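Chemist: Okay, here's the prediction I keep looking at, along with the sequence it came from:
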Amino acid sequence: MSSSKPSGEVRSADLDLAGRIRSGEGAAFETLYQQHAGRLYNLASRMSAGASDAEDLLQDIFLLAYRKVGSYRGESSLGTWLYRLAMNHCLDVLRNRQTRMGQLTDSMDEPEAAPVAAPGPALSAVSRIDLERAIAALPPACRAAFLLHDVEGFGHQEVADILGVSEGTSKSQVHKARLRIRAQLGARELKAERV
Amino acid sequence: MTTVTCQELPIAAYVDGELSPAEERTLERHMEGCPTCRALVADLRTVRAAAFTLDRLEPPADLLARIQARVAAEPRASARLLAWPNTRGAWGVWLAAAAALLVTTSIGLAPLLGPAEMPATGLAPAADQASLVDSVQADLQAAEQHYDRAIQGLERIARSDSAELDPQIAAVLQKNLQVVDQAIDESRAALKTQPASSTAQEGLFEAMRTKVALLQQTVELINEMRKGNQAEAGRLMQDLSR
């Protein structure tokens, strides 16, 4: 994945695309969609843990992008700007949902201490279904960092730019997520062995 | 040899391949005698590899069309550059401000402005001078009330919904109005000390004309924004910023 700080050429192309979207050019908006919808749909789907929610989220994200494209100034790549907007929206929706359900939410800027690496049997082959379940059980901010880095392949600096945190916080959140997933998968394996 | 505890090891950086060769060697030496850390590193690598190979999901084929339909129902993105009011309440405040400005320009100041209404250069008869000064002061008071209403209207817009009003526009308008107000105050002070001075009168009228022009441009800007004419609104914005 390229750096989130755009080169002059990329910045110029991104500003041009944003300008064409702003002026109501449908083809430009479709270009933005084709470039990012797939990846954003995967992110939205795993952030929301539901296909219908993911469709709603993706619609909201592109509508928000259309409304706010005038605020894009080329400080980051248009992609980073869009993912930032998308993740903020997903996190807002998740946190609102959790607040309504009375659950505690995690904070991105003040990561709790990473779970201690408990000794245990090494994981055997990881089932994709189990891994998806373990990801869905992660706290939202931790899940966001893990999805961006380990699933979508963004670098830590890009994850930091998208989530508005430091690079160190991104690393810490991703490590915390991996440890939690390991614990979940390990517990599932132990349970399966006992049955 | 220094003993390293499991908690002190940079396991995450090792898994991500971010350690220097020397740091890697230190960690690997520790792992040779520590099955717990060995298992942890193996598991974290497994998790990372499995995450990267998760199924790629595809958005429904008709999702773009659905989004485009919603976008089509939106005001144009370009109009939002100028913080287009999109609620009935915000429009009401904008139009109230426009109405107040129009009243100011067309009624409150009309008798004072324009060459036809300007007093002849040179000294006027004393009675006419006194009458003119009284008239000017009365008109100024009326005009100021209109200005105050207009300015309050704009301030209400800024307060009512900051997301809908571009703060830069409001700031430029306020700053320009302050500058012109200061010029009017200075001209008025000069006229007070020299009521018969045609230079002082001209200075006051000039300041008033500037303020009227500024307010008229504001009204034009509102109208162009309402029509969605981005190019003309942008030109007016540049004029207002000068």
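Modeler: Noted; the coordinates are in hand.

Chemist: can we go C-alpha only for contacts and neighbour counts from here?
Modeler: OK.

Chemist: how many neighbours does residue A:67 have?
Modeler: Around residue A:67 there are 21 other residues, counting by other CA atoms under 10 Å in any protein chain shown.

Chemist: Which pLDDT value goes with it?
Modeler: For residue A:67, the model assigns a pLDDT of 92.

Chemist: Kindly report the same for residue B:197.
Modeler: Reported pLDDT for residue B:197: 70.

Chemist: before we move on, what about residue A:71?
Modeler: Per the predicted model, pLDDT is 90 at residue A:71.

Chemist: Could you give the number of residues near it?
Modeler: Count around residue A:71 with other CA under 10 Å applied: 12.

Chemist: Give me the below-cutoff pLDDT ranges for the chain.
Modeler: Chain wasn't specified; assuming chain A. The model of chain A has pLDDT under 70 over residues A:1-7, A:50-52, A:102-124, A:189-195.

Chemist: You answered for a different chain; I wanted chain B.
Modeler: Residue ranges of chain B with pLDDT under 70: B:1-4, B:75-170, B:172, B:196, B:198-199, B:202, B:205, B:209-242.

Chemist: how about a cut-off of 90?
Modeler: Low-confidence segments of chain B (pLDDT under 90): B:1-9, B:52-53, B:69-242.

Chemist: okay, now the domains of chain A?
Modeler: Under automatic domain parsing, the residue ranges defining each domain of chain A are A:8-100, A:128-194.

Chemist: so which of the ones you listed is the most packed in?
Modeler: Neighbour counts (mean count of other CA atoms under 10 Å in any protein chain shown) averaged over each of those peak at domain A:128-194, with a mean of 20.

Chemist: ok, and what's touching stretch A:142-161?
Modeler: Contact partners of stretch A:142-161, identified using CA atoms under 8 Å, 6 or more residues apart in numbering or on different chains, comprise A:1, A:3-4, A:39, A:43, A:46-47, A:80, A:84, A:87, A:106, A:108, A:135-136, A:163, A:166-167, A:169-171, A:173-174, A:176-178, B:48, B:51-54.

Chemist: Provide a list of residues in contact with the residue lying closest to residue B:194 once chain neighbours are set aside.
Modeler: With CA to CA, 6 or more residues apart in numbering or on different chains as the criterion, residue B:194 has its nearest non-adjacent residue at 7.1 Å, and that residue is residue B:200. Taking CA under 8 Å, 6+ apart, we find residue B:200 in contact with B:187, B:188, B:190, B:191, B:194.

Chemist: The same query, at a cut-off of 10 Å, please.
Modeler: Residues near residue B:200 by CA atoms under 10 Å, 6 or more residues apart in numbering or on different chains: B:186, B:187, B:188, B:189, B:190, B:191, B:192, B:193, B:194, B:206.
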